[in-house]
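Novice: Next comes the sequence, and after it the predicted model I'd like to discuss.
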Amino acid sequence: MLVEIWADIACPWCYIGKRRFEGALARFEQRERVEVAWRSFELDPAAPRTHGVSMNALLARKYGMPESQAAALNEHVTAEAAKEGLEYHLEFARPGNTFDAHRLTHLAASQRLRTVALERLMRAYFTEGAEIGDHATLARLVAEVGVDAGAARAVLAGDAYAADVRADERRARALGVSGVPFFALDARYGVSGAQPSEALLDALRRAWESREGIAASSGGVATRAPGS
């Protein structure tokens, strides 16, 4: 079974969703027969390489709310992340454009390192306050998990893998994906959002059992994927 996961590196719920899915997959009886493919998605394709503002200020500006309310929302997501063993420091996060970071995950995929590269980039952004749009920072981070540093710098200096990122985004649109994380199981069933591990495990089991075409649906979990 193929599980495709659309996520953005700067999406706090995507990192949480990643952990919850990993927990579900570890308990799934057919896990050895599951292929996981990460797909690129940009929540803000028009974002500058660096915003130069805090995440609280950016969130407040985006949704037209007081910065204190934005801070409370970020405190909530930080608490949810902690439940999954993730340490968020959103007060230090440096928002920016994630397109180049996504390009590097495709480079990492060519070296069978995409999952570890994605993990490293997310941890750097949410925990360490790394500048996600800075080329030198990006090259250093992926090199830490084994991606060839020279190849990373070469990718960032040109437009390599840009078409791959755009292809992932076009596929997301074709499936009707408008938010992430989004999990597509065998391109027939979809799970939207950072569902609890139990719900994701249930989705895996239902999708596996219904591979012959009988859809199983429960509360938005393991429902037929939009556009399929």
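Specialist: Yes, it's here. Numbering: from 1, shown residues only.

Novice: Would you mind giving the secondary structure of Arg39?
Specialist: strand (DSSP: H, G, I helix; E, B strand; the rest coil).

Novice: number of nearby residues for it?
Specialist: Neighbourhood size, Arg39 [other C-beta atoms under 10 Å]: 22. Heads up, the C-betas are built off the backbone N, CA and C, glycines and all.

Novice: again with Asp134
Specialist: Based on other C-beta under 10 Å, the number of other residues close to Asp134 is 18.

Novice: separation between Glu80 and Arg140?
Specialist: The spacing between Glu80 and Arg140, counted by C-beta to C-beta, to the nearest Å, is 29 Å.

Novice: ok, now Trp13?
Specialist: Trp13 sits at a distance of 26 Å from Arg140 (criterion: C-beta to C-beta).

Novice: Where does pLDDT dip in this structure?
Specialist: Per-residue confidence for the chain (pLDDT under 70) gives these ranges: 212-228.

Novice: now the strands for it?
Specialist: With DSSP state E, the ranges of strands along the chain come out as 2-7, 35-40, 182-185, 189-192, 223-224.

Novice: For those, please prepare TSV with the additional fields distance to Glu209.
Specialist: Formatted as TSV, the entries for these read as follows, by distance: least, C-beta to C-beta, whole Å:
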stretch	distance to Glu209
strand 2-7	15
strand 35-40	18
strand 182-185	11
strand 189-192	11
strand 223-224	14
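
Novice: Could you check those and tell me which one is nearest Glu87?
Specialist: Of all the strands of the chain, it is strand 2-7 that lies closest to Glu87, at 18.8 Å by C-beta to C-beta.

Novice: pull the CA atoms of the closest one into PDB?
Specialist: In PDB, the C-alpha atoms belonging to strand 2-7 read as follows (Å, rounded to 0.1, in the frame of the first residue of the first chain):
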ATOM      1  CA  LEU A   2       1.300   3.400  -0.900                       C
ATOM      2  CA  VAL A   3       0.800   6.200   1.600                       C
ATOM      3  CA  GLU A   4       1.500   9.700   0.200                       C
ATOM      4  CA  ILE A   5       1.800  12.500   2.700                       C
ATOM      5  CA  TRP A   6       1.600  16.100   1.700                       C
ATOM      6  CA  ALA A   7       3.300  18.500   4.200                       C
END
